[in-house]
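Trainee: Have a look at this prediction, sequence included:
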Amino acid sequence: MLTGDGSEESASRAISAGITDYVIRGDDAARETDLSDRIEAAVGRYRSELDARRTYTALETAQEGISLLDENGKFTYVNQVYADNYGYDREEMLGRHWEILYPADETDQVHEEILPEVHEEGHWRGQTTGLRADGSTFPEQHSLTEIEDGGLVCVVRDISERKERERDLELFRTLLDHSTDSVFVFDPETGTPLDVNDTACRKLGYSREELLDRSVIDFEEELAGRDDWRSFVDDLRADGRTTFDGVHRRRAGATFPVEVNATYVELDRGYVLSMARDVTERRRRERQLRESEQRHRTLAEYFPNGIVTLFDHDLEYTLAAGRGFDDIPVEPADLEGENFYDVWPAATADDLEPAVLGTLEGEERSVELSYAGREWILHAVPITDERGDVFAGMTMAQDITERKEYQRRLEETIDRLEESNERLEQFAYAASHDLQEPLRMVSSYLRLIERRYADAFDEDGEEFLAYAIDGADRMREMIDALLTYSRVETRGEPLAAVDLDAVIADVREDLRLPIAESDAEVTVDSLPRVRGDSSQLRQVFQNLLSNAIEYNGDEPPRVHVSAERESADAASAARGSGRWIVSISDEGLGIDPEDQERIFEVFERLHSREEYDGTGIGLALCQRIVERHDGEIRVDSAPGEGATFSVVLPAVDDA
């Protein structure tokens, strides 16, 4: 500004309007100097005010929270961001102490660690935890600077989002490093890995640093050079993602098949994200499955009255054949190449699922089900390789409709027979019981005649009367035996553990008199515990020992009782704890092989009553009792060579 007026007011107005350069015309040097000083001071004040306004504007528009604390730690200024961070109004924060903004443990840390460092160094920067007015907390980036009057400038940034991103990135990195797939992030221009996970390093045999210094064409066999990579990226950029079968080459030179899923990702720039899965085991299983399919197809096509299928770990059928397809509304072609769940109705799939899934875990399963109006039994078995690893499952389903019908009819027949046997038992019991009363009367009158009129009979009369009395006695014995026979099933005790040593000891005591009279020698080995009815087993062994002593000829009887465990064949294994064979051997008359089945029939006798007494029902009773115990009784003998009766009884599990 050029002026001839020395007015300070004019200059001040001009400066306020923005003029900063001026020249005053006049000859009064002193006046000029004074005016110049005043103008300079005015300009300085203006500039200070301008700087203050600019600073205030900067504080108010800053993205960080900013506050000023006096030497006592109380707020003298807070900007809007600072107040918003903590959920307070600006005015209510002024004059309050900074401790309201931190949890108790953080307050102690500020006093003990942070403030001493600020006073010593003049500043501090780090992370703290802010406490909002509503009691919630948040992570914050915090800086403190000490000013000349002892106060502090506080700058705070809420880093909750950054922390969340860091946690997400950490989780993402953890997932990548624990993934069983190799993960790569490539530069789309050069094919250089920008990041890789641990699996990629382990599979290829490189350290992370070494792998990041390589190119994709160094380990991907399908890419012959950079032109192949560029062509691949161009296609990927256009399609967004792709899946293909590749071959990776390890550092040592060996190769292995992979299934690659690649995606083009556009963020701040373009990236190629690739996930490669090692499918060596899958390829091996597929090869074995093809070979297994070839071996089984011919057999399956001629599988009689049934259906054979093969399926892989994805439950996809690779083989379906068999003549059983003629009876169901499904063709082999409907199964092959299809998934288990897509083929069968939901109810059928539910029936089959446990068996099918079990095979892939190495288990053998069987299940019966109804399908298409037929009854089926399905056997599911795992198919394993030379290492014992399961690579497929196989099912063999057989139509058992006719078998089930036969089984139903057989069960009905058995029920009818059991009902008939029950009626026969009731009849035998009733008949025997009803015969006892008239027989008792006959016996009583015969003995009365014998007592009163014995002197009136001649020799023939006495003989006839003796025959009549003997016949009545034998009839009573037969009726009693028949009653006992009929009551085996209905009057027996529940089966329980029985000590055969104790049973045989009781039997020997019962037979003490005939043993002594015949000078018999009875030896007994240590005997086991069996599952049975103690009273009925006592009847069995008393009958067998009595026969061994009686049917002996002229020599003193020699009888031996022993026991051995039945051999653990498939039949005995199915009976749980197995069975014991208890044998009673003698050196007596022996039994002709032709008679060895007949002797177990009711009222069958091999000797006349004049030779040996008895009812002819003893061995039949033994057999009936043993059968009630789910056992067997048999004889091994020859005439003149003695006999061995073997009683097979269920063992008791003493474990």
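Mentor: Now that the structure is in, tell me what you want to look at.

Trainee: For the stretch 51-200 of the chain, which segments are assigned as helices?
Mentor: 80-86, 90-93, 104-109, 115-121, 160-178, 198-204 (DSSP state H, counting those that start in this stretch).

Trainee: which one of those helices lies closest to residue 652?
Mentor: helix 160-178 (54.9 Å; CB to CB). Yep, even glycine has a C-beta here, placed from its N, CA and C like the rest.

Trainee: mean confidence score for that closest one?
Mentor: Helix 160-178 carries an average pLDDT of 70.

Trainee: Can you show me the strands along the stretch 101-250 of the chain?
Mentor: Along the stretch 101-250 of the chain, counting by DSSP state E, counting those that start in this stretch, strands occupy 123-131, 137-146, 152-158, 182-186, 193-196, 241-249.

Trainee: Give me the distance from the fifth one to the chain's centre.
Mentor: Put plainly, it is strand 193-196. 39 Å (CA atoms, centre = their mean, to the nearest Å).

Trainee: How about the longest one?
Mentor: The offset between the C-alpha centroid of strand 137-146 and the centroid of the whole chain comes to 52 Å, using CA atoms, centre = their mean.

Trainee: Likewise for the first one?
Mentor: Going by CA atoms, centre = their mean, the spacing between the C-alpha centre of strand 123-131 and its chain's C-alpha centre is 51 Å.

Trainee: Can you give the strand pairings for it, parallel or anti for each?
Mentor: strand 137-146 (antiparallel) (DSSP bridges).

Trainee: again, but for the fourth one
Mentor: Counting by DSSP bridges, the strands paired with strand 182-186 are strand 193-196 (antiparallel), strand 270-278 (antiparallel).

Trainee: my read: residue 354 touches residue 365, true?
Mentor: Yes - the pair residue 354 and residue 365 passes the contact test of CB atoms under 8 Å, sitting 6.5 Å apart.

Trainee: Pick out whichever of those two has more residues nearby.
Mentor: With neighbours defined as other CB atoms under 10 Å, residue 354 and residue 365 compare such that residue 365 has more, 19 against 12.

Trainee: ok, the closest residue to that one other than its chain neighbours - how many residues close by?
Mentor: Sequence neighbours aside, residue 355 is the residue nearest to residue 365 in space, at 3.7 Å (criterion: CB to CB, 6 or more residues apart in numbering). Neighbour count for residue 355, taken as other CB under 10 Å: 20.

Trainee: Residue 355 belongs to a helix?
Mentor: Yes - Residue 355: assigned to a helix according to DSSP: H, G, I helix; E, B strand; the rest coil.

Trainee: Show the contacting residues for it.
Mentor: Counting by CB atoms under 8 Å, 6 or more residues apart in numbering, residue 355 makes contact with 365-367, 378, 380, 395.

Trainee: Same list (the strands paired with strand 182-186) but as CSV, adding mean neighbour count and mean pLDDT.
Mentor: CSV is the format used below for the strands paired with strand 182-186 (neighbours: other CB atoms under 10 Å; pLDDT from 0 to 100):
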stretch, mean neighbour count, mean pLDDT
strand 193-196, 18, 90
strand 270-278, 19, 90
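
Trainee: Tabulate the helices of the stretch 51-200 of the chain (JSON lines), appending distance to residue 154 and mean neighbour count.
Mentor: Formatted as JSON lines, these follow (distance: least, CB to CB, whole Å; neighbours: other CB atoms under 10 Å):
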{"stretch": "helix 80-86", "distance to residue 154": "8", "mean neighbour count": "19"}
{"stretch": "helix 90-93", "distance to residue 154": "12", "mean neighbour count": "14"}
{"stretch": "helix 104-109", "distance to residue 154": "14", "mean neighbour count": "13"}
{"stretch": "helix 115-121", "distance to residue 154": "10", "mean neighbour count": "13"}
{"stretch": "helix 160-178", "distance to residue 154": "18", "mean neighbour count": "11"}
{"stretch": "helix 198-204", "distance to residue 154": "43", "mean neighbour count": "18"}
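
Trainee: closest one to residue 522 among these?
Mentor: helix 160-178 (77.7 Å).

Trainee: Now for the nearest residue to residue 330 once chain neighbours are set aside, how many residues are close by?
Mentor: Distances taken as CB to CB, 6+ apart put residue 343 closest to residue 330, at 7.2 Å, once the chain neighbours are dropped. Residues within reach of residue 343, counting by other CB under 10 Å, total 17.

Trainee: can I assume residue 343 is in contact with residue 332?
Mentor: No - assessed by CB under 8 Å, residue 343 is found out of contact with residue 332, at 11.1 Å.

Trainee: for residue 118, what are its contacts?
Mentor: With CB under 8 Å, 6+ apart, residue 118 has these contacts: 124, 144-146, 152.

Trainee: 7 Å instead?
Mentor: 124, 144, 146, 152 (CB atoms under 7 Å, 6 or more residues apart in numbering).

Trainee: out of the residues you listed, who's nearest residue 318?
Mentor: residue 124 (70.0 Å).

Trainee: If that closest one is in a bridge, with which residues?
Mentor: Under DSSP bridges, the residues paired with residue 124 across the bridge are residue 144.

Trainee: Does it touch residue 115 like I think?
Mentor: No - using CB atoms under 7 Å, residue 124 makes no contact with residue 115, being 8.2 Å away.

Trainee: Distance-wise, check residue 600 relative to residue 468.
Mentor: Distance check for residue 600 against residue 468: by CB to CB, to the nearest Å, it reads 31 Å.

Trainee: repeat for residue 201
Mentor: Distance from residue 201 to residue 468, by CB to CB: 111 Å.

Trainee: again, but for residue 306
Mentor: Distance of residue 306 to residue 468, given as CB to CB: 71 Å.

Trainee: who has more neighbours, these two?
Mentor: Using other CB under 10 Å as the criterion, residue 306 and residue 468 rank with residue 306 on top: 21 against 16.

Trainee: Look up how far residue 247 lies from residue 280.
Mentor: 11 Å.

Trainee: what sits in contact with each of those two?
Mentor: In contact with both residue 280 and residue 247: residue 257, using CB under 7 Å, 6+ apart.
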